[in-house]
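Engineer: here is my input, please return the structure:
(2 chains)
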Amino acid sequence: MVPKIAEHPFLFTGCWELREMLGRSARDEQQLLDVIEEIPLDSLSYHTHSFFLRHKYIAGPYPNDFATWAAIQVRDRVLGEKLGILDPYDFENLEVLRTEIVNIIDEHLSQLQIIPRVIYGEPFHFMQSRIIEVPTGLEAQTLTEFRKILASVDASVVYYHNFEAILRLGRRKGDFALWIEEQLDLPDLAQKISRVDFYMTSLESIRHRIIKLCDKSLGKETHE
Amino acid sequence: MSHLEDYREVVPKGTIDFLKRLAEQVKGRKILHINSTKLGGGVAEMLRSDVLLLQDIGIEAEWQIISGTEEFFNVTKSFHNALQGQDQHLSQQMFEAYLEVNRENARRLSFDAHYVVIHDPQPAALIESRLTQGKWVWRCHIDISRPQWKVWSFLKQFVVNYDATVFSLPRFAQRLPIPQFLIYPSIDPLSDKNRDLSTQEYAQILSRLNVPTDKPMLLQVSRFDRFKDPLGVIQSYRLVKKHHDVQLVLAGGGATDDPEGETVLSEIREAARDDPDIHILLLPPDANLEINALQRAATIVLQKSLREGFGLTVAEAMWKGKPVIGSSAGGIPVQLVYGVTGFTVNSVEGAAFRIHHLLDNPEVMTKIEEDGKEYVRQNFLITRNLGDWLALMNYLGRTS
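Structural biologist: So this is what the prediction gives:
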């Protein structure tokens, strides 16, 4: 079978995250809750979604900053676990995600006699993302080219075309799956890529999984 | 001099090509860095490499230093200590001396650039003389999380006139009406301080320093400064020495803007007394190869600072595959992910306990050495710093 050549090539874009500090911090879980209710959505995105951009190669012990802080700095592992299992991709948008986080913390605090706070640890420092898009200038027209380029580019490309595309640009399947489905007519592969669990892992690990799926598909093509 | 391409082999894949694309977005713009010393200290070291790499990637980058009197540097040392939380008495005359030197420098320097980056408190008041349309950024490398209020209030009147500030850690952020960005400092893996050494080079340097290699070596590299707690390191060493026949090397440089070093050095010599296994090495500011060799010779590296801007000596040692035990000051915990890339401790006893633990468990040491080096590769190499500055230039350019 002759590999399909895409009419519109896939343009690989990466990103650089500039980290802006809001100058606000929380020393206990009530303060955390209060500030989360007020922060800009870019800050919520920083502490949940772009957590992965800062853990390109090693997955953190908890998959977002709120869970990590509760578990490690406050030493409240119960809240850490409740926030840790939260998958931001289950939510339609950041505002809905904010509501859910607020509900989790609020409910947790309602069951406690005292407000857990940092004693030896660090306060929670609120930040926000300034994402700078960087087109790499690389483009692919076939799955072979796509796989080859994906294997060599900066890991932020994986973030941009999946996390950023889904979260801010509203492309729910992610750019990789969308292009493979629409341009290469490979709906099975597209579906498998869109089902890769982006949560609880690192960008390098996601890249590796997608490349493996491409390799499997390319192997099929070769033998068919 | 290293070129960007030289880093391709040591940085994560795709990084160099990505940085080149990022640089294209700010091509044709000029950035000017200004600080107070060309020698000694992490800032000067980092700036040297930063400027060369910016130039190499096609950005017009320049580095200038302010000149000052001995009185000025005594005042700014007091500023430095006060901003890091130490009680200091500062008179009106001292503030005036600070302003006068800044004004003199403003008359001498040209600020003709799209981005003017002022490093640390010494030249912060240069903003008073801002005439051009460029964006001014105050890059603060020190820990100002608990500043002495009088000095911070004085400095803040200048800081608020900048377009943005850059700090090394989130906890250093202040209540300011301007954007505050976070940029972790970085090390240059190809500099004399961090590059691979040949066996011959390594042996020659250690022999020249008269440091024996017959006993496991505990090492702390830092300026001879009370904030680095060299006396606490000696106490930890003495606790370990009861169980392990180790030696301790305290290697310190001085910086031209630090007049306090001599006094602290005398205190350390007195504390070490006649112990033949404590080696105190006063190194010149450019002793990069010597520090490199010492870090490679060390069994365990310590960074037991009480206050720290960031503590890049930690990343330097990790890059050489050494296990590091550090305090929780400044950026040390950012580099030492507890139990994964190193250990943070909170006391003399804690440092001694972890040294003991590692010496008794070489397999733990090996895992930490591997993970620590990889962690530095991803997060603390100069190419990441270059990217942050290019991104900041891009962002500030957009907000013009």
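Engineer: go ahead and confirm A:Val158 touches A:Ser205.
Structural biologist: No. Counting by CB atoms under 8 Å, A:Ser205 is not a contact partner of A:Val158; they are 9.6 Å apart. To be clear about C-beta, it is placed using only N, CA and C from the backbone, and glycine gets the same treatment.
Engineer: tell me which residues are up against the worst-scoring helix or strand of chain A on mean pLDDT.
Structural biologist: Ranked by mean pLDDT, DSSP states H and E, the weakest helix or strand in chain A is helix A:165-167, scoring a mean of 79. For helix A:165-167, contacts defined as CB atoms under 8 Å, 6 or more residues apart in numbering or on different chains pick out A:Ser45, A:His49, A:Pro88, A:Tyr89, A:Leu94, A:Arg171, A:Arg172, A:Lys173, A:Gly174, A:Asp175.
Engineer: quick check: mean pLDDT across stretch B:6-19?
Structural biologist: Stretch B:6-19 carries an average pLDDT of 93.
Engineer: near chain A, anything from it?
Structural biologist: Yes. Looking at stretch B:6-19 against chain A by CB under 8 Å from any CB of the partner chain, the contacts come from B:Pro12, B:Lys13, B:Gly14, B:Thr15, B:Asp17, B:Phe18.
Engineer: got the contact list for the residue sitting nearest the centre point of chain B?
Structural biologist: What sits nearest the mean C-alpha location of chain B, by CA atoms, centre = their mean, is B:Gly42, with 3.5 Å. Taking CB under 8 Å, 6+ apart, we find B:Gly42 in contact with B:His141, B:Pro185, B:Gly309, B:Phe310, B:Leu312.
Engineer: list the contacts of residue 218.
Structural biologist: Assuming you mean chain A. Per CB under 8 Å, 6+ apart, neighbours of A:Leu218: A:Leu143, A:Thr144, A:Arg147.
Engineer: sorry, should have said chain B
Structural biologist: Contacts of B:Leu218 by CB under 8 Å, 6+ apart are B:233, B:237, B:240, B:246-249, B:298-302, B:355.
Engineer: swap the cut-off to 7 Å and go again
Structural biologist: Going by CB atoms under 7 Å, 6 or more residues apart in numbering or on different chains, B:Leu218 touches B:Tyr237, B:Val246, B:Leu248, B:Thr299, B:Ile300, B:Leu302, B:Ile355.
Engineer: one more: A:Asp76?
Structural biologist: A:Glu29, A:Ala70, A:Pro116.
Engineer: kindly report the residues of chain A close to chain B.
Structural biologist: Residues of chain A lying close to chain B by CB under 7 Å from any CB of the partner chain are A:14, A:16, A:18-21, A:23, A:56-57, A:122, A:125, A:127, A:130, A:132, A:134-137, A:152-154.
Engineer: among these, which ones are in helices?
Structural biologist: Judged by DSSP state H, these include A:Ser152 as members of helices.
Engineer: which among the residues of chain A next to chain B count as buried?
Structural biologist: Buried positions within the residues of chain A next to chain B, assessed by neighbour count (16 or more other CB atoms under 10 Å in any protein chain shown), are A:14, A:16, A:18-21, A:23, A:56, A:122, A:125, A:127, A:130, A:132, A:134, A:136, A:153-154.
Engineer: residue ranges of the strands in chain B, please?
Structural biologist: With strands called from DSSP state E, chain B shows them at B:30-35, B:60-65, B:115-119, B:135-140, B:164-167, B:180-182, B:217-221, B:247-253, B:278-283, B:300-303, B:324-326, B:343-344.
Engineer: okay, A:Ser110 and chain B: tell me how far apart.
Structural biologist: As judged by CB to the nearest CB, to the nearest Å, A:Ser110 and chain B stand 29 Å apart.
Engineer: what about B:Thr366, how many neighbours?
Structural biologist: Close neighbours of B:Thr366, defined as other CB atoms under 10 Å in any protein chain shown, add up to 12.
Engineer: for stretch B:57-67, buried residues please.
Structural biologist: B:Ile57, B:Ile59, B:Ala61, B:Glu62, B:Trp63, B:Gln64, B:Ile65, B:Ile66.
Engineer: which residues sit in contact with A:Leu189?
Structural biologist: So A:Leu189 contacts A:Ile180, A:Leu213, A:Ser217 (CB under 7 Å, 6+ apart).
Engineer: do B:Pro177 as well
Structural biologist: By CB under 7 Å, 6+ apart, B:Pro177 lies in contact with B:Val160.
Engineer: what do you get for A:Asn103?
Structural biologist: Here A:Asn103 is in contact with no residue (CB under 7 Å, 6+ apart).
Engineer: how is it assigned, secondary-structure-wise?
Structural biologist: The local conformation at A:Asn103, judged by DSSP: H, G, I helix; E, B strand; the rest coil, is helix.
Engineer: check it and give its pLDDT.
Structural biologist: On pLDDT, A:Asn103 comes in at 97.
Engineer: swap in B:Leu22?
Structural biologist: On the pLDDT scale, B:Leu22 gets 95.
Engineer: not counting sequence-adjacent ones, nearest residue to it?
Structural biologist: B:Leu390 (4.6 Å; CB to CB, 6 or more residues apart in numbering or on different chains).
Engineer: what about that neighbour, how many neighbours?
Structural biologist: Around B:Leu390 there are 26 residues (other CB under 10 Å).
Engineer: ok, now B:Ser328?
Structural biologist: 16.
Engineer: next one: the closest residue to it other than its chain neighbours from A:Ile104, what distance?
Structural biologist: In space, and not counting its chain neighbours, B:Ser328 is closest to B:Thr344: 5.0 Å by CB to CB, 6+ apart. Look at B:Thr344 and A:Ile104: by CB to CB, to the nearest Å, they are 29 Å apart.
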